[in-house]
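[1] Predicted model and sequence follow; I will ask about them next.
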Amino acid sequence: MSEETSAVDWSAGAWLNPPARVEESDGDLLVEPHDGSDFWRRTSYGFVHDDGCALLTPFGVGSAVEVSFRLDYAEQFDQAGVLVRVDERRWTKAGVEVSDGAPQVGAVVTDEFSDWSVAPVPQWSGRLVTVRVSRAGDALTVRARCDEEPWRLVRVAPLDPAATASAGPYCCSPSRGGLRVRFTGWRRGPADAALHPEG
């Protein structure tokens, strides 16, 4: 996996659904999404939400994006991470979402209908989380880690190599108002050379 990343300035992105409040503080970006905001399409819940906030730049084949944030939220469905978006019907969000009393690392992959996969990470609470999405060929590879721990593979999802996509930090607050997410970094670089490490 490539470590050759460069920082993306917060000002380089364009907001999809601007947040209720946003400010820069000591190089970090503090974002407050709107009460009731989310990204989801139909499956199980029956509703469509496309009103989460995301700060996006173009995301081409052969590139990767990383977003870091403090996992200092703990209310049901609070979430933050990376959004990869083609349009309102085709997108992937990956990060940490609180569900059933615990933070869960996972991803929602949407192609007209959403799915959801999660794994509990209670030991990540209060720490720095980084989510990395790599786009190569016809696939997105999602990895995540806490602090400087080893990357863990979260998801491999399809994405048409001909699709025009954008990506960047996102957050949502489906169940309450007042969530504030502290994003500490946004980086991009080349896509991962392989799905699995050699050796």
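    Yep, it's here.

[2] What strands line up against the helix or strand containing residue 95, and which way round?
    Assigned by DSSP states H and E, residue 95 falls within strand 90-99. Next to strand 90-99 in the sheet, as set by DSSP bridges, lie strand 79-87 (antiparallel), strand 102-111 (antiparallel).

[3] Please identify the nearest residue in space to residue 177, excluding sequence neighbours.
    Counting by Cβ to Cβ, 6 or more residues apart in numbering, residue 177 lies nearest to residue 35, which is 3.3 Å off, once chain neighbours are set aside. From N, CA and C alone the C-beta is placed, and that goes for glycine too.

[4] ok, that neighbour - contacts?
    By Cβ atoms under 8 Å, 6 or more residues apart in numbering, the contact set of residue 35 is 20, 173, 176-178.

[5] In three-state terms, label it for me.
    Assigned by DSSP: H, G, I helix; E, B strand; the rest coil, the conformation of residue 35 is coil.

[6] Roughly how far does it sit from residue 81?
    19 Å (Cβ to Cβ, to the nearest Å).

[7] Flag the shaky bits of this protein, pLDDT-wise.
    Counting by pLDDT under 70, the ranges of the chain that qualify are 1-3, 198-199.

[8] Just give me the residue right at the centre of it.
    residue 82 (1.8 Å; Cα atoms, centre = their mean).

[9] Could you report the distance from residue 130 to residue 89?
    28 Å.

[10] again but with residue 40, I slipped
    Taking Cβ to Cβ, one finds residue 40 at 12 Å from residue 89.

[11] which ones are touching residue 31?
    Per Cβ under 8 Å, 6+ apart, neighbours of residue 31: 19, 21-22, 53, 169, 171, 180-181, 183.

[12] Surely it is in a strand?
    Yes - Residue 31 forms part of a strand when assessed by three-state DSSP.

[13] Skip the chain neighbours and tell me the closest residue to residue 72.
    Leaving aside its sequence neighbours, residue 72 sits nearest to residue 126 (Cβ to Cβ, 6+ apart; 5.9 Å).

[14] need the contact list for the one you found.
    70-72.

[15] any idea which of those has the most stuff around it?
    residue 71 (22 neighbours; other Cβ atoms under 10 Å).

[16] Correct me if wrong: that one contacts residue 104.
    No - the pair residue 71 / residue 104 is not scored as a contact, 11.0 Å apart, by Cβ atoms under 8 Å.

[17] Now for the two: what residues contact both?
    residue 96.

[18] which residues pair with residue 139 across the strands?
    Bridge pairing for residue 139 - DSSP bridges - gives residue 136, residue 158.

[19] I'd say it and residue 158 touch.
    Yes - when contacts are counted by Cβ under 8 Å, residue 139 is listed as touching residue 158 (6.2 Å).

[20] Comparing those two, which shows the higher neighbour count?
    residue 139 (17 against 12).

[21] Spit out the contact partners of that one.
    Contacts of residue 139 by Cβ under 8 Å, 6+ apart are 156-159, 195.
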